[in-house]
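Peer 1: Show me the folded form of this:
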Amino acid sequence: MERDDIIEYSLNQDANGNAIPLHDEEAGKGIRKKILKVTLLLTIITVVEVGMGAYIKQGTSIWPIVKWSFVVMTLVKAAYIVLVFMHLGDEKKSMKYVILVPYIMFVLYLIFIALTEALAVGNSWFTYG
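Peer 2: Coordinates of the predicted model:
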């Protein structure tokens, strides 16, 4: 006797109630290719960040460029993770803007506040220290 109270969510059913897999082999290959692409891109960006941090010393003339490149690469990784793993990349363009623009504005605001406060502290150290 077949039980009718068990619902199988991982499979679709045809008209006769027979289970049909959700993905065929071609879809599986596409998914694996996408996972490999994401992994390679995030790994390459991380290796570049770690390499720059390990080999470029603080106090050199290019250190401000290195710091800003860290910020940019971290934001690129964060945006890519949101687009791929949170499936925002599959949404319509207007939905992406509704979600991403406030976050981008907030990050820019935080950078502005950090720089403004850093300059104020630096000026006070120069003036009073």
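
Peer 1: Output stretch 52-62 as CSV, restricted to C-alpha atoms.
Peer 2: What follows is stretch 52-62, C-alpha atoms only, in CSV (Å, rounded to 0.1, in the frame of the first residue of the first chain):
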residue,chain,number,x,y,z
MET,A,52,49.2,43.0,-1.4
GLY,A,53,48.8,43.0,2.4
ALA,A,54,51.8,40.7,2.8
TYR,A,55,54.2,42.3,0.4
ILE,A,56,53.5,46.0,0.5
LYS,A,57,54.7,47.6,3.7
GLN,A,58,52.8,50.3,5.5
GLY,A,59,54.4,53.7,5.2
THR,A,60,55.4,53.3,1.6
SER,A,61,54.3,55.9,-0.9
ILE,A,62,51.7,53.6,-2.5
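
Peer 1: Can you pull out the residues in contact with that stretch?
Peer 2: Trp63, Val66, Ser69, Phe70 (Cβ atoms under 8 Å, 6 or more residues apart in numbering). (C-beta placed from N, C-alpha, C; glycine too.)

Peer 1: Is the second one in a helix, a strand, or coil?
Peer 2: Secondary structure for Val66, judged by DSSP: H, G, I helix; E, B strand; the rest coil, is helix.

Peer 1: What are the boundaries of the helices in the chain?
Peer 2: Residue ranges of the helices in the chain, as given by DSSP state H, are 25-55, 63-85, 93-128.

Peer 1: so which of those helices is the most packed in?
Peer 2: helix 63-85 (a mean of 13; mean count of other Cβ atoms under 10 Å).

Peer 1: ok, so what distance separates Leu119 from Val71?
Peer 2: The gap separating Leu119 from Val71 is 17 Å, by Cβ to Cβ, to the nearest Å.

Peer 1: what would the helices of the chain look like in JSON lines with mean pLDDT?
Peer 2: Below are the helices of the chain laid out as JSON lines (pLDDT from 0 to 100):
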{"stretch": "helix 25-55", "mean pLDDT": "90"}
{"stretch": "helix 63-85", "mean pLDDT": "88"}
{"stretch": "helix 93-128", "mean pLDDT": "88"}
